[in-house]
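> What follows is a protein structure lacking sequence information:
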Ligand code: GLC
């Protein structure tokens, strides 16, 4: 039983006893429930004798932040507690977007809430909207404030009105908390540059290269091409500052408890804006230690749990998403382990599934995906995934070398093949992607590009080949079909719903040209959207309508609620991926052919996994039962079926 379950229990008990309990009483009760855990976590990072005053500051901070939480949100917190794990519902379908690129600003976004409703989207991930340096700013992930809205996006008032309208439409909001670093123009960084030691201690700052050199022995490089190394020399301070990401993103020093306490305040003010899910950006990097990779360290987990336990006291309806794009086994740890199980993040990106899906497209086989997914321990029951195929970042090829070897493939050569397939180095590949951050030192590279271009739509349109266009559209829908049915919250990247191609205009933009992730950060094409109804045969309309239909189906079937029920079947045909979703009353099987030719499945095998055949089952996508040919079920190239027994 995690702490959230305790809060649920206590809330229902006190409601029964006293009817409507006062919010203050609830605060006391929540604090009492989490206090000993908060104390243990805090003093395990910051040793007790010297840090008691900070602990008192922390408790004061909790009280202040609670008093600032609007009553409407306090009421909502209580409703959420009563509702249970709302984030596991089949009714949730998300979209991720840059507010400015979507429709200019926050008001522009508000005008488009009906667009989301039409498609069936009710969960929005809005990427950073707070102030940032002019020029290069990593799409706002270099934050100059955690709560001041950048005037280009509008005002706080605009945000609150939009958030309220979204709430009235039963939509959920997710915002980023860039917890690992600030921009070099953040208030603390400015004071550090001006020589204030107090603020230099908010970052990892060194007068000479001794410690940086030690760190460099083990720290990997995140952006080896555009920002090699992990330290940047600041001429004003005449000192070196740790910058694991870009040179203008300064890593926060959480060894200093003052940093934790201030960042907790920043987190709370984000929650108090009416955000439902907080995306903990780059949280694997939170703790740095000489002689290590400084990723996924146990102290980072302690820190995240500490944030979580404090947030729960103030806003138990607000939950956390782990942006940990790390090895599969390490991702699971962000749900919390042992005593912390269920007490870190409720949601994590399913980066493993995402990378494996792209592998299956390139190899046309599903064996590596099967092997990898069935060998990862399952997640805790209260946790869920964000399932996605593309986002604003690159695709990292984080496959487990041992699993790759077990396929009979050499891991290095396999990675090269995938990079070649997606980055225009194989003549026969329809994919049009770009190589991101190729590191000649170790042959590592990642991939960027839009879903549609990576799946061949750009090439097909250039060739004006109707068949290939249809294949690309089918591939896009089948990839999203998996995202929509695999347990968790599906997240559609804005633009994908209309098959947006790569946007090469970033090459002409001084602030973007060094970062080709911008090839997949397009401006939403409202002209195409306005023509969807009149051009029903266009690829955009086919994708939009196909997605809309699948979203509707997902929401109508309670079997798609995430109850940790997924069963992946070891399929005798290596090109077909099959998983089963079940609840107490029904099952749905999702079958997907990753090959460019028709593949078949034998009737006896289908029966062995529980699928009835003939007129006893239907494919929910067509609404019809399916025909067997010579006692086998044929799946056309890239075809997907959602089969349900009648
Ligand atoms: C996350 C973001 C990415 C950003 C990085 C640094 O990984 O998704 O876009 O560059 O954090 O903030």
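Alright, I've got the coordinates. Since this is a predicted model, take the numbers as computed values, not measurements.
> Looking at the chain, which helix is longest?
helix 23-45 (DSSP state H).
> what sits up against that one?
Defining contact as C-beta atoms under 8 Å, 6 or more residues apart in numbering, one finds that helix 23-45 is touched by 3, 6-7, 10-11, 14, 51, 54-55, 58-59, 62-63, 66, 71, 74, 78, 254, 257, 260, 299, 302-303, 305-306, 309-310, 312-314, 316, 343. Heads up, the C-betas are built off the backbone N, CA and C, glycines and all.
> residues from the stretch 101-250 of the chain in reach of the ligand?
138, 141, 178, 245 (C-beta under 6 Å from any ligand atom).
> For these, pick the one with the most neighbours.
residue 178 (25 neighbours; other C-beta atoms under 10 Å).
> Can you pull out the low-pLDDT segments for this structure?
Regions of the chain meeting the criterion pLDDT under 70 cover residues 15-21.
> Arrange the residues of the stretch 101-250 of the chain next to the ligand in TSV, one row each, with secondary structure as further columns.
Output for those, formatted as TSV (DSSP: H, G, I helix; E, B strand; the rest coil):
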residue	secondary structure
138	helix
141	coil
178	coil
245	coil
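> tell me which element residue 310 falls in.
Following DSSP states H and E, one finds residue 310 within helix 298-314.
> distance between that helix and the chain's centre?
In this view, helix 298-314 has its centroid 19 Å away from the chain centroid, taken as C-alpha atoms, centre = their mean, to the nearest Å.
> next one: stretch 639-646
Using C-alpha atoms, centre = their mean, the offset of stretch 639-646 from its chain centre is 28 Å.
> and if you look at stretch 248-260?
So, by C-alpha atoms, centre = their mean, the centroid of stretch 248-260 is 23 Å from its chain's centroid.
> quick one: contacts of that stretch?
Applying C-beta under 8 Å, 6+ apart, the contact partners of stretch 248-260 are 42, 45-46, 51, 54, 58, 133, 136-138, 141-142, 179-186, 189, 201-204, 241-244, 263, 285-288, 299, 303, 306.
> Show me which of those residues are buried.
Neighbour-count burial (16 or more other C-beta atoms under 10 Å) applied to the contacts of stretch 248-260 gives 42, 45-46, 51, 54, 58, 133, 136-138, 141-142, 179-186, 189, 201-204, 241-244, 263, 285-288, 303, 306.
> Tell me which entries of these lie within strands.
Residues of the buried ones among the contacts of stretch 248-260 located in strands (DSSP state E): 181-183, 241-242.
> which one of those residues sits closest to residue 322?
For these, the minimum distance to residue 322 (C-beta to C-beta) is 16.7 Å, reached by residue 181.
> Who does the closest one form a beta bridge with?
residue 251 (DSSP bridges).
> residues contacting it?
Applying C-beta under 8 Å, 6+ apart, the residues near residue 181 are 142, 243-245, 249-252, 282.
> Can you add distance to residue 579 and give those back as JSON lines?
Shown next, in JSON lines, are those (distance: C-beta to C-beta, whole Å):
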{"residue": "142", "distance to residue 579": "39"}
{"residue": "243", "distance to residue 579": "41"}
{"residue": "244", "distance to residue 579": "36"}
{"residue": "245", "distance to residue 579": "35"}
{"residue": "249", "distance to residue 579": "38"}
{"residue": "250", "distance to residue 579": "43"}
{"residue": "251", "distance to residue 579": "39"}
{"residue": "252", "distance to residue 579": "40"}
{"residue": "282", "distance to residue 579": "30"}
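> so which of those residues comes closest to residue 473?
Closest to residue 473, out of all of the contacts of residue 181 and judged by C-beta to C-beta, is residue 282, at 34.3 Å.
> picking that back up, and the longest helix of the chain, what's buried?
Result for helix 23-45 [16+ other C-beta under 10 Å]: buried residues 26-27, 29-31, 33-34, 37-38, 41-42, 45.
> now do stretch 145-155
145-147, 149-150, 153-154.
> Farthest-apart pair in those residues, please.
146 and 154 (16.8 Å).
> Can you pull the residues of the chain lying near the ligand?
Counting by C-beta under 6 Å from any ligand atom, the chain sits next to the ligand at 138, 141, 178, 245, 281-282, 323, 392-393.
> what's across from residue 568 in the sheet?
residue 579.
> Give me the neighbour count for it.
The tally of other residues near residue 568 (other C-beta under 10 Å) stands at 16.
> which residues touch it?
Listed by C-beta under 8 Å, 6+ apart, the contact set of residue 568 reads 370, 373-374, 577-580.
> which among the residues you listed gets closest to residue 489?
residue 579 (16.8 Å).
> So the closest one sits against residue 567, correct?
Yes - assessed by C-beta atoms under 8 Å, residue 579 is found in contact with residue 567 at 6.4 Å.
> Quick one: the strands in the stretch 351-500 of the chain, in order.
384-387, 434-439, 444-448, 489-493 (DSSP state E, counting those that start in this stretch).
> Also the stretch 201-350 of the chain?
Assigned by DSSP E, counting those that start in this stretch, the strands in the stretch 201-350 of the chain fall at 205-206, 231-234, 239-242, 249-251, 277-280, 319-322, 347-349.
> Identify the residues contacting stretch 505-521?
Residues contacting stretch 505-521 (C-beta under 8 Å, 6+ apart): 98, 101, 135-139, 223, 226, 390, 392-394, 434, 436, 448-450, 493, 502-504.
> Please apply the same query to stretch 322-332.
Contacts for stretch 322-332 (C-beta under 8 Å, 6+ apart): 279-284, 295-296, 304, 334-335, 344-345, 347-352, 372, 376-377, 379, 393, 396, 398, 400.
> just the buried members of these?
For these, buried by 16+ other C-beta under 10 Å: 279-284, 295-296, 304, 334-335, 344-345, 347-352, 372, 376, 379, 393, 396, 398, 400.
> out of residue 579 and residue 567, which sits in the busier spot?
The neighbour comparison of residue 579 against residue 567 (other C-beta under 10 Å) goes to residue 579, with 20 against 14.
> any idea how far that one lies from the ligand?
27 Å (C-beta to the nearest ligand atom, to the nearest Å).
> Residue 600 - that's part of a strand, no?
Yes - remark: residue 600 belongs to a strand, assigned using three-state DSSP.
> Could you check which residue of the stretch 401-550 of the chain lies nearest the ligand?
Distances between the stretch 401-550 of the chain and the ligand by C-beta to the nearest ligand atom are smallest at residue 517, namely 7.1 Å.
> Could you check how many residues crowd around that residue?
When neighbours are counted by other C-beta under 10 Å, residue 517 comes out with 20.
> Now that residue 166 has come up, it's in contact with residue 126, right?
No - judged on C-beta under 8 Å, residue 166 makes no contact with residue 126 at a distance of 10.0 Å.
> Overlap in contacts, those two.
Counting by C-beta under 8 Å, 6+ apart, the residues touching both residue 166 and residue 126 are residue 173.
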